[in-house]
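Asker: following is a predicted model, sequence given first.
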Amino acid sequence: MDERMRFVIRLKDGESLASLCREFGISRKTGYKIFERYEQCGLEGLSDRTRRPFRYANQLPEPVEAVIVAAKRDKPNWGARKIRERLLRRLPHAIKVPAASTIHAVLDRHGLVARAKRSRTPAEGTPLSEGLHPNDLWATDYKGEFQLGDQRYCYPLTVTDHASRYLLLCEALESTREELAFRAFERLFRERGLPRAIRSDNGVPFASPHGLFQLSKLSVWWLRLGISIERIRPGHPQQNGRHERMHLTLKKEATRPAGRNILQQQAKFDDFVEEFNRERPHEALAMRCPAEVYVASPRPYVGIPEPHYPFHDRTVVVTSCGRLCLYRKKINLSKSLAGQAVGVKEVDQGIWLVSFMDYDLGYVDLDERTLQPLQNPFGPKVLPMS
């Protein structure tokens, strides 16, 4: 308003409109408009005007909105469609009853709609085993990425045996892509056999923030191999403390300075693994080296066994887009389970229990075409798989 007032005062003092418009950085049209407002309304014409319309074309009359709210409070379990039908029957024909979507918006605005909870399950930890013997528990993680001499980044994937501290894998990877982790773990399983459980954090590719129960394709593969999954609680790296301590040593001795490329960096990692396992004594092992304690797993890697569901009505294979097709109806399950066989069993009319291996995932409602997940089967009640 102060700018407009100075503009008008100087204009009334006889200064040229064109020169004032150039000085204030406005067009002549705007200059004339400001002066006309002043001539018509005085100083009030120079104040900012609200752009809010005087009326809304589709705004409901207050009495109609009040009737909608009253109907909902009278029938709290009714939805917008039923309330609309009630208004159609009770209100005079001269009154136009709004659409169901408008009624729902009115109810929501008045806090009379119960909002659905987010279906995504927040990341949470699982029970952690003690891992007292070699291959009872492996720990895995990515050591923080760092830049190589050729300006590319290296993402070291590491795996250790919890009981013996044996460094099973230290792979220099170009990214955390899932397919690279698959290949690294498959080579490791062929060489060392299968552990009973693998502990990781909740990051990709070990877990998926958008997957059912945070299952990723990698963790689903582990389950298919009979490996239990353990996840530390978010923000609690001390639950994987032995592995994190190894990372500190790895960072000091094998990344400073970094290699010029991936191949050179892998050579540095290979040297570190050899020394860490066979030359470096550990106080927790009574000053023995990890290689003196660790033995390969007696569970060989022989491929993935097919799951069987003898106590279910049928076996269904999840589609490539993560859907369950049942009686020509498609229900979203999880992309992490794409291509996996799940068991389904009708427990009530139109209600089916969905299971993956030994884990019950949730109930499918065929009429609604929705999945209602059960309590996280990989949480407190998970048992080691034999």
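Answerer: Received, thanks.
Asker: could you use CA atoms for every contact and neighbour count after this?
Answerer: OK.
Asker: mean confidence score for the helix or strand hosting residue 222?
Answerer: Assigning secondary structure by DSSP states H and E places residue 222 in helix 217-224. In this model, helix 217-224 has an average pLDDT of 96.
Asker: pull it out as CSV, backbone CA atoms only.
Answerer: The C-alpha coordinates for helix 217-224 follow below in CSV (Å, rounded to 0.1, in the frame of the first residue of the first chain):
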residue,chain,number,x,y,z
LYS,A,217,13.3,-60.6,-3.1
LEU,A,218,16.6,-61.4,-1.5
SER,A,219,15.1,-62.2,1.9
VAL,A,220,12.4,-64.3,0.2
TRP,A,221,15.1,-66.3,-1.5
TRP,A,222,16.8,-66.8,1.9
LEU,A,223,13.5,-68.1,3.3
ARG,A,224,13.1,-70.5,0.4
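Asker: gap between it and the chain center?
Answerer: 18 Å (C-alpha atoms, centre = their mean, to the nearest Å).
Asker: counting by contacts, list what that helix packs against.
Answerer: Counting contacts by 3 or more C-alpha pairs under 8 Å, 6 or more residues apart in numbering; DSSP states H and E, helix 217-224 packs against helix 178-192, strand 228-231.
Asker: 10 Å instead, please
Answerer: helix 178-192, strand 197-200, strand 228-231, strand 351-356 (3 or more C-alpha pairs under 10 Å, 6 or more residues apart in numbering; DSSP states H and E).
Asker: redo those as JSON lines? Include mean neighbour count and mean pLDDT.
Answerer: Shown next, in JSON lines, are the helices and strands packed on helix 217-224 (neighbours: other C-alpha atoms under 10 Å; pLDDT from 0 to 100):
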{"stretch": "helix 178-192", "mean neighbour count": "15", "mean pLDDT": "96"}
{"stretch": "strand 197-200", "mean neighbour count": "24", "mean pLDDT": "96"}
{"stretch": "strand 228-231", "mean neighbour count": "24", "mean pLDDT": "94"}
{"stretch": "strand 351-356", "mean neighbour count": "21", "mean pLDDT": "92"}
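Asker: reformat those as TSV; add distance to residue 213.
Answerer: Converted to TSV, the helices and strands packed on helix 217-224 look like this (distance: least, C-alpha to C-alpha, whole Å):
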stretch	distance to residue 213
helix 178-192	18
strand 197-200	15
strand 228-231	12
strand 351-356	12
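Asker: and of these, who's closest to residue 113?
Answerer: Closest approach to residue 113 among the helices and strands packed on helix 217-224 (C-alpha to C-alpha): strand 351-356, 26.0 Å.
Asker: okay, angle between the helix holding residue 222 and helix 178-192 too, please.
Answerer: Put simply, helix 217-224 runs at 30 degrees to helix 178-192, going by axes from the mean of the first three to the mean of the last three C-alpha atoms, to 10 degrees.
Asker: who touches helix 217-224?
Answerer: Outside of helix 217-224, the residues within contact range by C-alpha atoms under 10 Å, 6 or more residues apart in numbering are 178-179, 181-182, 185, 194-198, 204-208, 211, 215-216, 225-230, 303-307, 335-338, 340, 356-358, 385.
Asker: hmm, try it at 6 Å
Answerer: If you take C-alpha atoms under 6 Å, 6 or more residues apart in numbering as the criterion, helix 217-224 is touched by 206, 336.
Asker: please renumber so the chain begins at 34
Answerer: OK, 34 is where the count begins now, so the last one is helix 250-257.
Asker: now do the buried residues in that helix.
Answerer: Buried residues in helix 250-257, counted by 16 or more other C-alpha atoms under 10 Å: 250, 251, 252, 253, 254, 255, 256, 257.
Asker: what's near enough to touch residue 100?
Answerer: No contacts exist for residue 100 under C-alpha under 6 Å, 6+ apart.
Asker: quick check, it in a helix?
Answerer: Yes - Residue 100 sits within a helix when classified using DSSP: H, G, I helix; E, B strand; the rest coil.
Asker: is it true that residue 329 touches residue 225?
Answerer: Yes - with contact defined as C-alpha atoms under 6 Å, residue 329 reaches residue 225; the gap is 5.1 Å.
Asker: how about the helices in this protein?
Answerer: Applying DSSP state H to the chain gives helices spanning 35-45, 50-57, 61-74, 95-107, 113-123, 133-142, 211-225, 250-257, 274-287, 295-311.
Asker: go through the ones you listed and name the closest to residue 189.
Answerer: helix 295-311 (9.0 Å).
Asker: how near is residue 45 to residue 386?
Answerer: 83 Å (C-alpha to C-alpha, to the nearest Å).
Asker: residue contacts, residue 388?
Answerer: Here residue 388 is in contact with 375, 376, 394 (C-alpha under 6 Å, 6+ apart).
Asker: and which of those residues is nearest residue 115?
Answerer: residue 394 (33.4 Å).
Asker: just to revisit the earlier point, do you know which of the helices and strands packed on helix 250-257 lies nearest residue 296?
Answerer: Of these, nearest to residue 296 by C-alpha to C-alpha is helix 211-225, at 15.5 Å.
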